[in-house]
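Trainee: Below are the sequence and a predicted model; questions follow.
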Amino acid sequence: MLRFLTTFGMCAFALTPAVAEPIDGKAARKMLFSPNGAEVTLRDESGLSETNRALLKSVLEAEAASKGYYGVAVISPDEDLLKSEATVALANYHSVEEAAEAALSICNEKRSGEAECVVAAEIRPKKWEAREISLSREATEAFRSDYRKGQGPKALAISRATGQWAIFKGENAVFAAKIQCNEKAGAQGKADCETVIAD
């Protein structure tokens, strides 16, 4: 059975993020996608039958409506999609690539087949295109509803390995946001937070 897992309570996996200077809230506002709506794209190289492709897409579209982007579903090609313990879906990461790295690690640990696990589907925001910054739907919603309110120093930090994030407002916001984010990400085994938005 397909298990759709959010970032909460998941084990973390090492990633090598490209750390860049934070952008300000005004620039982030223009680059972030709407938190309303996500699209599921199936990958042809997954080798799934048409029946299983349709089933997977249907399940992911229903789950994406509540769990949001970015996410993936990964499968063990030698095993039954619905019966395999290795079939995993993750959502609420800050990019498809980061979700894929975590999901593939879980799948490959659990698979009993010979072939390495593959990404079968991706979940992205509607009308997705590559941009300088990407945040999970949850972090995007928090940016819109919380970060943008009020004046003074503020920052938003994210963990690429776990999908965690934190917003801090006040003195030393950049440092404090990273600390709060690392506390959450560290509970999942990877304290890799970086500040991506700061004012």
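Mentor: It's in.
Trainee: Could you use CA atoms for every contact and neighbour count after this?
Mentor: Noted.
Trainee: Would you pull up how far the biggest strand by length in the chain lies from the middle of the chain?
Mentor: Here the longest strand in the chain is taken by residue count, with DSSP state E as the criterion, and it is strand 118-125. With CA atoms, centre = their mean, to the nearest Å as the basis, strand 118-125 stands 11 Å off its chain's centre.
Trainee: so where do the strands sit in this structure?
Mentor: Remark: strands of the chain, listed N- to C-terminal, are 3-5, 38-42, 71-75, 88-90, 118-125, 154-158, 165-169, 194-198; assignment by DSSP E.
Trainee: Low-confidence stretches in this structure?
Mentor: 1-19 (pLDDT under 70).
Trainee: just to revisit the earlier point, list the strands paired with the longest strand of the chain, with their directions.
Mentor: strand 38-42 (antiparallel), strand 71-75 (antiparallel) (DSSP bridges).
Trainee: Go through it and flag the buried ones.
Mentor: Val118, Val119, Ala120, Ala121, Glu122, Ile123, Arg124, Pro125 (16 or more other CA atoms under 10 Å).
Trainee: measure the residue nearest to the last one when sequence neighbours are not counted to Glu129 for me?
Mentor: It refers to Pro125. What sits nearest to Pro125 in space, not counting adjacent residues and going by CA to CA, 6 or more residues apart in numbering, is Ala38, at 4.3 Å. The gap separating Ala38 from Glu129 is 13 Å, by CA to CA, to the nearest Å.
Trainee: Same drill for the two, tell me which one is more crowded.
Mentor: With neighbours defined as other CA atoms under 10 Å, Ala38 and Glu129 compare such that Ala38 has more, 27 against 8.
Trainee: Grab the longest helix from this structure for me.
Mentor: helix 50-67 (DSSP state H).
Trainee: the inter-axis angle of that helix versus strand 118-125?
Mentor: Following axes from the mean of the first three to the mean of the last three CA atoms, to 10 degrees, one obtains 40 degrees for the angle between helix 50-67 and strand 118-125.
Trainee: Show the secondary-structure elements that helix 50-67 is packed against.
Mentor: Under the contact criterion of 3 or more CA pairs under 8 Å, 6 or more residues apart in numbering; DSSP states H and E, the helices and strands touching helix 50-67 comprise strand 38-42.
Trainee: Stretch 25-44: which residues count as buried?
Mentor: For stretch 25-44, burial by neighbour count (16+ other CA under 10 Å) applies to Gly25, Ala28, Leu32, Phe33, Ser34, Pro35, Gly37, Ala38, Glu39, Val40, Leu42.
Trainee: show me what contacts the fifth one?
Mentor: The neighbours of Ser34, taking CA atoms under 8 Å, 6 or more residues apart in numbering as the test, are Pro125, Lys126, Thr140.
Trainee: The second one too?
Mentor: Contacts were defined as CA under 8 Å, 6+ apart; by that measure Ala28 touches Ile133, Ile197.
Trainee: Please tell me how far it sits from Ala198.
Mentor: With distances taken as CA to CA, Ala28 is found 10 Å from Ala198.
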